[in-house]
Structures are given as structure tokens and as C-alpha cells.
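# Sequence plus the predicted model coming up.
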Amino acid sequence: MRLSAVLNLHRFLKLIINLVVLATLLFICQRVWAQEWRPVRGGIPFGISGIALIQQQSNSLDFLIVHDNKKPNQGRLAIINIKGKNQPEYLALNWPSKVLPEDLEALTSIPGTNNTSFIALASAGKAYYIKLDADKKTISVIKEFNLPAFPKGSNFEAFSLQDIDGKLVAVWAHRGEAEQAATIYWGLLDLTKYQMIPAGYSNFTVPFPSGNVRHVSDIKVDSAGVVFISAASDAGDDGPFQSAVYVAGSLGYRNNKLIFRQNSQLVPLYRTNYHKIEGIELVSGGNGGVVVGTDDENFGSAVYVVGGE
């Protein structure tokens, strides 16, 4: 065999070996990536559109989640438990009345209630003040009320409450879509009158995803007033999906006025090309992080702890 032929054969064999090694590494990486995300339930009716912490223990997290279902035979609420490295346990909850909410898109705990009371928000702007009996695994509806006046055609996917300087601050958002910006609103919630007192609003867009993007798919505020948002896009019930998590800005008081300082340079804290994030929650402590839940349409739902192990 000529020397050139031998050299070509050697290069070919080396290329084959490199391709095999690369394929093996990619397979391993995909397996590791898949293990980070934890499937919850399969199918469109089980997408997570909002998530709120119930209880945090040393090796276990319990969350209340909402589904954006509209049909009578589909669930609205559930509890999921994430324990260690195990897959989440799912427990459906019954809505306590025959008149079911439609298209629940956001969920937040009410500060000062030890994560026993929550507000769920439907896309049309109706809010539901609910109370959870974690032992009996039942829900009671305390009150229904509406968001303050908003433009026709608004579609709300985000709502959060936080105690800031001893006041119950609320932030909520119309999701926006594609070239249409989201609108972030902020104000105070008077729970004695079940009244929202608006303080301001701001248009908001994200650099990623693009295309069929919903600029705000969920929102949460931490105790320092930092506002976290998720943004998401999908091309249909089978995807592809893209999502990102950002710090949108901060809420606080200046001259006795509640203001939102919007972040002018958005930096993705997390991004994915495989899931549609529609629920986020902030969990403090060494085992915590930004917990995200997905509504992956035909692929169901999954959860992931950004910054977790």
C-alpha cells in the first residue's frame, strides 16, 4: 500500500474515532441535561402556568401550581412535591365550587400568611383569593375581584405580591406578543377592601426569545423589591420552545411614591431552547433558587431549579 494511502486511512480512522467520542459526549450531555429538568405530567391539560411555594424543608419543596385550562373536566390546581433527586409527586386539587375559573395564568402567595393563602389570576383580569388547607389538601375561595381598568384585549400572565416597607405591593403584567410590548403594572393591594390601587405602568420587551415571544410570561418580586420575569415563545403545540429569565428592574419608594426602576440592560439569568417557562418562584436558602415551571403544550410540564444542584 502506498504511503499516501496509509496516511489517508489513518486520518479517516482518526476522524471516525473522534466522531464516535463526540457522539458519546453529546449523548452523555443530553442525559445530564434531561436529568436536570424534572417532568411533572404529560399532555396539554397539565401545563404549569403559575407556581408558588407552600413549604420548604431540608430536602423537600412543596408547591401549589395552576393550570390554564378552560374545559369543565380539566384541573385548575395541584400540589407538587420535589424531594431530593426524585421525580415530582403530583396531587390534583378540586376547585371548591361548580363555577370554574378559566385560563388561570399566575399564582402568588400572600405575604404574612405562612404560605397558606394565595391569589390566582386569570388571563382576563379576574383574581381569586384562595386559602389552602395543606393537611386536608383542600382549597377554599375567600373572594373574587378584578384588576383595575386596563386596555381592551389585554392578556394577563403574571401577578406577584410582596411586603415592601410594610405595604402590600402588587405587580402584574399583560404578556405582550411579538412586536407588541408587554405592560408591567404596579400598585398596592388593600385586602380589607379587595381593592387594587394602581401606581404606574411601563412597556417592556426582552431581547430573547424573539419571534412569537410573550415578553412577560410570569413575574415575581423578592423582599428587596427586585423584579424577576420570565419570557417565552412557541411555534405551536409541538414547539419549538424558547424561554429566558431576567431581572426586569426593582420596585421601591421614592418621596413616598411607589416606583419601578426598569433595567435598561437586560441580562438573561437563564435561557433554554427546549421549554416554555410560564411559572417562576423564588426560593431562598442554600437549596433554593429560581424555580421555573413549564407549559410545554403536548409535552406537558416540567420543573427546574435554576442555580440548584
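Structure's in. What do you need? Numbers count the residues shown, from 1 in each chain.

# neighbouring contacts of the helix or strand harbouring residue 139?
Per DSSP states H and E, residue 139 falls inside strand 138-146. With contact meaning C-beta atoms under 8 Å, 6 or more residues apart in numbering, strand 138-146 is reached by 77, 93-97, 117, 125-133, 194-196. Yep, even glycine has a C-beta here, placed from its N, CA and C like the rest.

# hmm, 6 Å instead?
Around strand 138-146, the neighbours that count as contacts under C-beta atoms under 6 Å, 6 or more residues apart in numbering are 93, 96, 125-132, 194.

# what comes into contact with the next helix or strand after it?
On the C-terminal side of strand 138-146, the closest following helix or strand by DSSP H and E is strand 156-164. For strand 156-164, contacts defined as C-beta under 6 Å, 6+ apart pick out 105-106, 108, 110-111, 121, 123, 125, 169-175, 216-221, 225.

# Need the CA coordinates for the next helix or strand along the chain from strand 156-164. CSV is fine.
The helix or strand immediately downstream of strand 156-164 is strand 167-174, counting by DSSP H and E. Provided in CSV are the C-alpha atoms of strand 167-174 (Å, rounded to 0.1, in the frame of the first residue of the first chain):
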residue,chain,number,x,y,z
LYS,A,167,-47.0,47.7,52.5
LEU,A,168,-48.6,45.0,50.3
VAL,A,169,-47.1,45.8,46.9
ALA,A,170,-48.6,44.2,43.8
VAL,A,171,-47.1,43.8,40.3
TRP,A,172,-48.9,42.3,37.3
ALA,A,173,-48.3,42.2,33.6
HIS,A,174,-50.0,41.9,30.2
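
# Run the chain-centre distance for the following helix or strand past strand 167-174.
As assigned by DSSP H and E, the chain's next helix or strand after strand 167-174 is strand 182-190. On the basis of C-alpha atoms, centre = their mean, to the nearest Å, strand 182-190 sits 18 Å off its chain's mean C-alpha point.

# How many neighbouring residues does the closest residue to residue 125 other than its chain neighbours have?
Nearest residue to residue 125, sequence neighbours excluded (C-beta to C-beta, 6 or more residues apart in numbering): residue 147, at 4.2 Å. Look at residue 147: counted by other C-beta atoms under 10 Å, it has 21 neighbours.

# again, but for the one 3 residues further on
Burial of residue 150, expressed as a neighbour count using other C-beta under 10 Å, amounts to 17.

# which stretches of the stretch 1-150 of the chain form strands?
38-39, 50-57, 60-66, 77-83, 89-93, 104-109, 117-122, 126-133, 138-146 (DSSP state E, counting those that start in this stretch).

# picking that back up, which neighbours does the strand holding residue 139 have in its sheet, and in what orientation?
Partners of strand 138-146 in the sheet, by DSSP bridges, are strand 126-133 (antiparallel).

# residues making contact with the strand it pairs with?
116-121, 139-146.

# If we use 8 Å, what do you get?
54, 64, 101, 104, 110, 116-122, 138-147, 159, 191, 194.

# before we move on, what about stretch 191-208?
In this structure, residues lying in contact with stretch 191-208 by C-beta under 8 Å, 6+ apart are 110, 129, 143, 145, 147-148, 168, 170, 173, 176, 181-190, 213, 215-216, 229, 231, 242, 244, 246, 248, 257-260, 262, 266, 268, 271.

# how about 7 Å then?
Stretch 191-208 has contacts (C-beta atoms under 7 Å, 6 or more residues apart in numbering) with 143, 145, 147-148, 168, 170, 181-190, 213, 215-216, 231, 244, 246, 248, 258-260, 262, 266, 268, 271.

# Mind listing what's buried along that stretch?
Going by neighbour count (16 or more other C-beta atoms under 10 Å), the buried part of stretch 191-208 is 191, 196, 198-199, 201-202, 204, 206.

# With secondary structure as new columns, can the residues you listed be given to me in a markdown table?
Listed next are the buried residues of stretch 191-208 as a markdown table, based on DSSP: H, G, I helix; E, B strand; the rest coil:
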| residue | secondary structure |
| --- | --- |
| 191 | coil |
| 196 | strand |
| 198 | strand |
| 199 | strand |
| 201 | strand |
| 202 | strand |
| 204 | strand |
| 206 | coil |
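
# for the residues you listed, which one is nearest residue 39?
Nearest to residue 39 among the buried residues of stretch 191-208 is residue 206, at 26.2 Å by C-beta to C-beta.
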